[in-house]
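In: coords below, sequence missing:
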């Protein structure tokens, strides 16, 4: 009888001890990491279990990540580490983080497409925000066969990108990134915008091309519809656009402060002094404001524009050549006064 009681007592102690250990273990795993503030944990393709652990430890305020080490040691996580960005919050426990990392449950990050002047600048900007390598992105953007497959060429490709902020996965591939940009392009060019483009007798790519010139002509948003209306007037009348920004693009000299007669002779399909109509493609990635200014351009009779002599960033507009020449003389005198050659 006493022996049986002793056995029951030992069993009870073992069960109680196991329960206490299990409870303690669960509390250990469910204790918040106590990050100071929400922060992204970035896991690269070349990360291993040690570097992942170090990255978590860096963000954990109380350094309680032994539970993470235990979980990784009894699982196969180190054999299948998923790259990506994972948002750590103050209330995330070791178990929460491990489960998300183990299954690759990423948190989308925000990537901003800038109104860059060149595809190379775009690639630099995008690659600085994502795991995507600049070379990988440029390889497909500079691949003529790839561009043709998605409906563009080296001239029109900048029209694909709509400057805005989007949510994507940090480890998105170059091909998937372009596919996402195509999706956003189609979303942007909805029925309403397509109808407005048709009413102007321009395609979306042509609208974007003109918008890129408007963006380069003025930083003043309020002035963009007026500038757009001026160029549309010229297009309708078959008058060369004679847009100075296209000369800078043709020369690839964006810092050029004064357009001289010799510059106007540059042989390039982008030279709108030599060639009538629109250039073969955008001279930069056009802003949404620029695109909207073309779609909703101001109705007027202006055919000429010249920067104001006060260097305010605004322009003087004219309907006749005589008015324009008077405006141009004032601006040229202001340039000479400032010794801008």
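Out: Great, that's in hand. Remember, it's a predicted structure, so these values are computed and weren't measured experimentally. Residues are numbered from 1 along each chain as shown.
In: so which strand or helix has residue 41?
Out: When secondary structure is defined by DSSP states H and E, residue 41 falls within strand 39-43.
In: Can you tell me the strand partners of that strand and which way each runs?
Out: Its sheet considered, strand 39-43 pairs with strand 84-88 (antiparallel) by DSSP bridges.
In: This protein: helices as residue ranges?
Out: Counting by DSSP state H, the chain forms helices over residues 2-30, 49-59, 66-73, 94-103, 119-129, 134-141, 144-149, 174-188, 191-200, 204-217, 224-237, 244-251, 288-295, 321-337, given from the N-terminal end onward.
In: Can you say which of those helices is nearest to residue 311?
Out: Nearest of the helices of the chain to residue 311, taken as C-beta to C-beta: helix 321-337 at 7.0 Å. C-beta coordinates here come from the backbone N, C-alpha and C atoms, glycine included.
In: For that closest one, buried residues please.
Out: Of the residues in helix 321-337, those scored as buried under the neighbour-count criterion (16 or more other C-beta atoms under 10 Å) are 323-324, 327-328, 331, 335.
In: Hmm, which of those residues is lowest in pLDDT?
Out: On pLDDT alone, residue 335 ranks lowest of those, at 86.
In: What sits closest to that one if chain neighbours are left out?
Out: Distances taken as C-beta to C-beta, 6 or more residues apart in numbering put residue 258 closest to residue 335, at 6.0 Å, once the chain neighbours are dropped.
In: okay, the one you found: pLDDT?
Out: Reported pLDDT at residue 258 in the predicted model: 81.
In: Show me what counts as buried in stretch 291-311.
Out: Judged by neighbour count (16+ other C-beta under 10 Å), stretch 291-311 contains these buried residues: 291-295, 297-298, 302-307, 309.
In: First-to-last residue distance for that stretch?
Out: In stretch 291-311, first residue to last residue: 25 Å (C-alpha to C-alpha, to the nearest Å).
In: Spatially, what comes nearest to residue 100 if we skip its sequence neighbours?
Out: Here the nearest residue to residue 100 in space, its sequence neighbours aside, is residue 86; by C-beta to C-beta, 6+ apart that works out to 5.7 Å.
In: Surely the one you found is in contact with residue 47?
Out: No - between residue 86 and residue 47 no contact is recorded; they are 11.9 Å apart, counting by C-beta atoms under 8 Å.
In: between those two, who's got more neighbours?
Out: It is residue 86, of residue 86 and residue 47, that has more neighbours when counted by other C-beta atoms under 10 Å, with 21 against 16.
In: how near is that one to residue 176?
Out: Separation of residue 86 from residue 176 (C-beta to C-beta, to the nearest Å) stands at 19 Å.
In: so what pLDDT did residue 313 get?
Out: The model reports residue 313 with a pLDDT of 85.
In: How about the contacts made by the most centrally placed residue in the chain?
Out: Taking C-alpha atoms, centre = their mean as the criterion, residue 113 is the residue nearest the geometric centre of the chain, at 1.8 Å. Contact partners of residue 113, counting by C-beta atoms under 8 Å, 6 or more residues apart in numbering, are 122, 125-126, 161-166, 181, 285.
In: Among those residues, name the buried ones.
Out: For those, a neighbour count by 16+ other C-beta under 10 Å gives the buried set as 122, 125-126, 161-163, 166, 181, 285.
In: mind listing what residue 229 touches?
Out: Residues counted as contacts of residue 229 (C-beta under 8 Å, 6+ apart) are 297-300, 302.
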